[in-house]
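Below are the sequence and a predicted model for it; my questions follow.
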Amino acid sequence: MKRWIKEDLWRHALLLVTCFFVLFPIYLVFLSALSPTGSLQVTSFIPKTISFKNFHLLFTSPKIPYLVWMKNSVVIAGLVAVLSVVIGAASAFSFSRLRFRGKKKGLQLLLLVQMFPAILSLSAVYVIMERVYNFAPRIGLGTEPGLLLVYLGGAMGVNIWLLKGFVDSIPIELDEAAKVDGASAVQTYWLIFVPLAAPILAVVSLLSFIGTFNEFILARLFLVDQNSRTIAVGLQSFISGQYATNWGPFAAGSIIASIPLVAIFLSLQRYIISGLTAGSVKG
Amino acid sequence: MEKFFQRKVTVTLKYIIVALVSAILLMLIESSFAKREYAISAFLTVGLIAIAITYLTNFSIPMKFFLPGMLFLFAFVVGPILYTVAMSGFHFQTGNYISKPESITQIISGGIRPDAAQTTFDVVIGEDPGKKLEILASDPTNKKYFLSTATSKTDLDPAGLAIDGNGDATVAPGFTALTPSEQAAQDKALGSTRFAYSTDFFITIEGGNVASLKEQSLKYDSSTDTFTNVLTHAVYRDNGRGNFTNIKDKNDQLQPGWRAPIWFENYTKLLTDPQIRSALIPVFIWTIVFASLTVLTQFALGLLIAMTLNRKLHGRRIYRSILILPYAMPSIMSILIWGGMFDTEFGAINHLFGSHVHWFQSALYARLAVIIVNLWLGFPYFYLICSGALQAIPAELSEAAAIDGASSRQIFRKITLPLLLQVVSPLLVASFAFNFNNFNIIYLLTGGGPQNTLGGAVAGSTDILISYTYKIAFSAGNQNLGLASAISVVIFVIIASISLYGIRRSKVLDSFK
């Protein structure tokens, strides 16, 4: 008993304090989402009345195109997640397994490029896409396909690098065996590598999805029109206008948007963490 | 047989995709070339040729794998990086945003003034027989009537015209009036067309059915590349920095200017321009403080939690699930929620502690808030990393030390921490580099504020380099893309050196050999 007090009590105390720190904002989100006044004004930490008005408002108010924002985010992030891994995996495979001239130079370029924070070239991307808009208004600045292209390009450096790390960890003997049996590089890729790497590819595409879903500044610069906004930009625009009044629907919207991400994260945490230690930092 | 058929399908599919992509690229090349975006069309052409060679021949198998990725990488990462470097050598800001030919066109179209008598005409807007825009102008006082297009003027004899009660002509031979909706469709052309009057004067439409007589007050001479003001006879010459400047008065410039190369001036400005330097130095120091404090606090709390949970404990799994929640939530939303919690009047923080702190009005409290929020967001990452690393340290080491009489503090400092740091230090470096550019937390939490209003500088007390750069590049009314690009390049050099140091330590480079 004495030992328990000495060894475990302080642990529980520390953990409880940290849990309080972690849960406090999350609790407040639920509090304001369920409060009928719809503000983050705290008069009491214990709710007196519970109402689902804010959730109801999200789906019915014509001023809040919540479902449209959600759809935009899911479509853009989904496409980025799938396409960037399809394109990235092929590149990673060639850099990890195939021999070709200039491979070392290519790897060095890749290493340098994936360190470059995309946000640093923000103004260049902006000006370039402004020019693209001049001759191709459908994929230039202010369009969803344009944003998608920029995201895909931006994800490429980190994704190829990350995937290359994973490919390196798959035993090369399997490829060599296939080669001895007369398989071409393309066959090795589709019949050996892709099935083996499927779980890894899924994790990287999930990380891409989360990263894109969370992306704010490019989306804000690119998508001006109310109905083409992503959820992050939409919800932000929502509380930056009239400050205190929109907190309820904002909180409700955040909860709905967070649940799928938190669920994915918690259920796949072991895989995601292995991706994190490999060098990606969540934004 | 089945295999043969399968192969046929995939090959056909490949050709369809290649054809589609090529068609789209061709269209883009054509339209970009038409709009004189030669750099972009050149890149697209190279891309198209590469795709054709790679996928239609067996030139190189590896290229079949990496070409799409590389094309994206060059288009949206390498391209913008090079463009940033190029922009940093230009005088490229509000007022100097367009190219020189565009700027000359705009100065010419803006450099006009009404004639001395301020003559106006009543006009009917219409078309000549060749469907060209034409006006039927009437000067009721002097009983003068004429037709005018952009190129020619035809005087009319009042005797042959139908003239209404105001003394205005309404119908003329060969002239067709436009309906209001037709006029609306040609709105832009109507506003910019100069209708002929005499060699020095022309007519512009002021609105509805009134037009006035104008003359060119700024005349461009392309042989000497100068503008001359007709009235004052002042001569304006290209000053080599993107503006036409009065040769007698350096401060008298014509607007708009254009983006002009000034080489390294944006970089030297960072060090020599007192206004920029006085903003940049505190921002730079805070960026380093912010990134270091963030990594330090996140790592310390993460490690503490990892060590606390690194043994059997009741409710360990529940603790773990709760403690990684901040990491699983979309960070943008968490940041915005924290922003609301720090509100002075209604915020939960002040309510909880019964305080009345103006969090975002004082530099110190705003910085504290940023660090607290970033701790909340980031410590679970280090908790996860550290708990993994701790489990990898063999228990025999600390047991042996304990037998030798080492205290638990000694074991931690001499055994656990050094071994842990070996694993974690590349990640600490990476995290420092990430937070060095952690734009979202600053932009969404404080917006860089509180603003230092002294001297009208745009930098606020919590602005880090990247958010300050963003303000320079995108603040309404006073964009300076050249300067912002120069700062971006400097940041990249810093980040690249830090990351390369980290990478060298983690020995990634060895694997290239």
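Cool, got the structure. Numbers count the residues shown, from 1 in each chain, chains lettered A, B, ... in the order given.

and the residue in the stretch 101-250 of chain B that chain A sits nearest to, what pLDDT?
When scored by Cβ to the nearest Cβ, the stretch 101-250 of chain B has B:E102 as its residue closest to chain A, at 11.7 Å. All C-beta spots, glycine's among them, are computed from the backbone N, C-alpha and C. B:E102 carries a pLDDT value of 89.

which parts of the longest helix seen in chain B are buried?
Assignment by DSSP state H gives helix B:274-308 as the longest helix of chain B. For helix B:274-308, the neighbour count (16 or more other Cβ atoms under 10 Å in any protein chain shown) marks B:276, B:279-280, B:282-284, B:286-287, B:290-291, B:293-295, B:297-299, B:301-308 as buried.

On the three-state scheme, A:G234 is what?
The three-state assignment at A:G234 reads helix, by DSSP: H, G, I helix; E, B strand; the rest coil.

What count of nearby residues applies to it?
Residues near A:G234, counting by other Cβ atoms under 10 Å in any protein chain shown, number 25.

Please tell me how far it sits from chain B.
A:G234 is 11 Å from chain B, where distance means Cβ to the nearest Cβ, to the nearest Å.

my read: that residue touches A:Y66, true?
Yes: counting by Cβ atoms under 8 Å, A:G234 does reach A:Y66; the two are 7.3 Å apart.

which ones are touching the residue of chain B found nearest chain A?
As assessed by Cβ to the nearest Cβ, chain A sits closest to B:F76 within chain B, at 2.2 Å. Contact analysis of B:F76 by Cβ atoms under 8 Å, 6 or more residues apart in numbering or on different chains lists A:V125, A:L149, A:V150, A:L152, A:G153, A:G154, A:M156.

with those residues in mind, which one is nearest to B:E127?
Among the contacts of B:F76, A:L149 lies closest to B:E127 (Cβ to Cβ), at 42.8 Å.

name the element the closest one belongs to?
helix A:144-169 (DSSP states H and E).

same question, B:N251
B:N251 is part of no helix or strand when elements are defined by DSSP H and E.

where does it fall, phi/psi-wise?
When read as degrees, to the nearest 10, the backbone of B:N251 gives phi -90, psi -10.

Pretty sure the residue of the stretch 101-250 of chain B closest to chain A sits in a helix.
Yes: the assignment for B:E102 by three-state DSSP puts it in a helix.

so who does the closest residue to it other than its chain neighbours touch?
Nearest non-adjacent residue to B:E102, counting by Cβ to Cβ, 6 or more residues apart in numbering or on different chains: B:W258, 7.0 Å away. In this structure, B:W258 makes contact with B:N96, B:Y97, B:I98, B:S99, B:K100, B:E102, B:S103, B:G242, B:N243, judged by Cβ under 8 Å, 6+ apart.

For the closest residue to B:N243 other than its chain neighbours, give me the pLDDT.
Once flanking residues are discounted, B:N243 sits nearest to B:G257: 3.9 Å by Cβ to Cβ, 6+ apart. On pLDDT, B:G257 comes in at 90.

my read: B:G257 touches B:G240, true?
No: the criterion here is Cβ under 8 Å, and B:G257 misses it with B:G240 at 11.3 Å.

Where does pLDDT dip in the chain?
Just going to use chain A. A:1-4, A:38-43, A:241-245, A:272-283 (pLDDT under 70).

that's the wrong chain, I meant chain B
Residues of chain B meeting the criterion pLDDT under 70: B:1-5, B:452-457, B:506-513.

Show me where the stretch 151-283 of chain A has its helices.
For the stretch 151-283 of chain A, the helices defined by DSSP state H, counting those that start in this stretch cover A:172-180, A:185-187, A:194-214, A:217-222, A:231-240, A:247-267, A:269-277.

isn't B:I332 right next to A:A232, touching?
Yes: with contact defined as Cβ under 8 Å, B:I332 reaches A:A232; the gap is 4.7 Å.

quick one on the thing from earlier: return only those of the buried residues of helix B:274-308 found close to chain A.
Among the buried residues of helix B:274-308, the residues that sit close to chain A (Cβ under 8 Å from any Cβ of the partner chain) are B:L301, B:L304, B:I305, B:T308.

ok, and the closest non-adjacent residue to A:P137?
Closest residue to A:P137 apart from its sequence neighbours, by Cβ to Cβ, 6+ apart: A:T143 at 7.5 Å.

could you measure the nearest residue to A:S228 once chain neighbours are set aside against B:V77, distance?
In this structure, A:S228 finds its nearest non-sequential neighbour in A:E144, 5.9 Å apart by Cβ to Cβ, 6+ apart. Distance of A:E144 to B:V77, given as Cβ to Cβ, to the nearest Å: 20 Å.
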